[in-house]
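Novice: Sharing a sequence plus its predicted fold:
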Amino acid sequence: MSRAPYAGAVTPAVPLDDRVVLRFLATPADTAAGGRSVAAGSVMEWIDKAGYACAVGWAGAYCVTAYVGNVRHRRPIPPGSLIEVQARLVHTGRSSMHVVVTVSSAEVSTRDYTPATTCVLIFVAKGADGRPTAVPQWQPVSRSDRKLAEAALERMDTRARIKQLMLDEEYTADSAAPQTTLRFLVPTGVVNFGGKAHGGTVMRWIDEAAYACAVAWAGASAQADHAVGVYSGGIHFLAPVRIGDLVEVSARIVLTGPHSMHISTRVSTADPRTPDDLTLTTQCLSVFVVPGDDGVALPVPVWEPVLPEDVRLHEHAREIVALRETIVPLAASLTLEP
């Protein structure tokens, strides 16, 4: 759907399209451990790819992922499914673009697509000098445009509060919480046009580390051979991940419910020559469950914090959960309206 920019905004040379639709077949490489469903990390890569295409198409410039929030995995996606990823612009700032993405899947035989995941992303356009650059201003036209634009504005204050709360917390080695840490070098195969790792790739790393942490905690007591991510939020990209960097992805359980594990994951990078000089690049707080054969979440072992840092982060997670509950989920039916 083509849009005209606001008066006084950057004037594009050609009409702009504020929506993108990608369709493809999920491959065996997208399947989660255990082979029962597509990995949440693969879904988040698809989300970032479609959102990025939408943002770049609108801005006419290189863009970076700044934030991904409220990634709600409503249901598992069977391996081998047809995938449809719809991305649409819902708000612009001076250099930022808010994009809503909905992932749907269908059986090959029916091609009847059903929504599985929705989320909001924010991209920032960059100029040739690497600094934020102005983008054409978007304005709503349809009913769904207006509703989604209002939702984007309503989320801003809560998102800023969650970001600051997450940044204010300190993570040290003074913890007895269940955790998993992955360390590796960033390969050249994940490079984007800016010479950095794709945001979707970083989100896949987050999902892999969180999965390893969740299944290690739940496996022994719940007789679980796998876990699935049902929610990811507060994914803030604070610094770029450069090709050749040493990456540390640390996932730590901070809160458990009767059937859920809340996992804080932090991605840091360093020059391989100084591996202990780490810089925080990305953070996320996600929720994992262990589904039974009937799809209903199984009970998970209760984790009780004892050390001061764990107690503090436990209460921090409760505060984040309470804030998240004030955000009304976006209805997939609304995001898919014309």
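Specialist: Received the coordinates, thanks.

Novice: So in this structure, where's the weakest helix or strand by average pLDDT?
Specialist: One helix or strand of the chain scores below all others by mean pLDDT, DSSP states H and E: strand 2-3, with a mean of 48.

Novice: What ranges does the protein have for its helices?
Specialist: 40-59, 143-168, 199-222, 308-324, 332-335 (DSSP state H).

Novice: Restrict the first one to CA atoms and write it as PDB.
Specialist: Put plainly, it is helix 40-59. In PDB, the C-alpha atoms belonging to helix 40-59 read as follows (Å, rounded to 0.1, in the frame of the first residue of the first chain):
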ATOM      1  CA  ALA A  40      11.600 -19.900  18.400                       C
ATOM      2  CA  GLY A  41      15.100 -18.600  17.300                       C
ATOM      3  CA  SER A  42      14.200 -19.400  13.600                       C
ATOM      4  CA  VAL A  43      10.900 -17.500  14.000                       C
ATOM      5  CA  MET A  44      12.700 -14.500  15.400                       C
ATOM      6  CA  GLU A  45      15.100 -14.500  12.500                       C
ATOM      7  CA  TRP A  46      12.200 -14.500  10.100                       C
ATOM      8  CA  ILE A  47      10.600 -11.600  12.100                       C
ATOM      9  CA  ASP A  48      13.800  -9.500  11.800                       C
ATOM     10  CA  LYS A  49      14.200 -10.300   8.100                       C
ATOM     11  CA  ALA A  50      10.700  -9.100   7.200                       C
ATOM     12  CA  GLY A  51      10.800  -6.100   9.600                       C
ATOM     13  CA  TYR A  52      14.100  -5.100   8.100                       C
ATOM     14  CA  ALA A  53      12.900  -5.300   4.500                       C
ATOM     15  CA  CYS A  54       9.800  -3.200   5.500                       C
ATOM     16  CA  ALA A  55      12.000  -0.600   7.200                       C
ATOM     17  CA  VAL A  56      14.600  -0.300   4.500                       C
ATOM     18  CA  GLY A  57      12.000  -0.100   1.800                       C
ATOM     19  CA  TRP A  58      10.400   2.800   3.600                       C
ATOM     20  CA  ALA A  59      13.500   4.600   4.600                       C
END
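
Novice: State the mean pLDDT of that helix.
Specialist: Mean per-residue pLDDT for helix 40-59: 95.

Novice: Count residues in the vicinity of Pro28, would you?
Specialist: 8 (other C-beta atoms under 10 Å). Every C-beta, even on glycine, is put in place using the N, C-alpha and C of the backbone.

Novice: Let's see the pLDDT reported for it.
Specialist: At Pro28, pLDDT is 92.

Novice: now do Gly233
Specialist: Gly233 is assigned 89 on the pLDDT scale.

Novice: do you know how far the spatially closest residue to Pro79 that is not a sequence neighbour is from Ser81?
Specialist: Excluding its sequence neighbours, the residue lying closest to Pro79 (C-beta to C-beta, 6 or more residues apart in numbering) is Thr31, at 4.6 Å. Distance from Thr31 to Ser81, counting by C-beta to C-beta, to the nearest Å: 11 Å.

Novice: same thing with Leu148?
Specialist: 26 Å.

Novice: So Leu255 sits against Arg318, correct?
Specialist: Yes: using C-beta atoms under 8 Å, Leu255 is in contact with Arg318, at 6.5 Å.

Novice: okay, now Gln164: neighbour count?
Specialist: Neighbours of Gln164 (other C-beta under 10 Å): 9.

Novice: And Ala177, by the same measure?
Specialist: Ala177, neighbours per other C-beta under 10 Å, totals 21.

Novice: can you check Val300 too?
Specialist: Val300, neighbours per other C-beta under 10 Å, totals 24.

Novice: And for it, nearest residue in space, chain neighbours not counted?
Specialist: That would be Ala218: by C-beta to C-beta, 6+ apart, it lies 4.7 Å from Val300.
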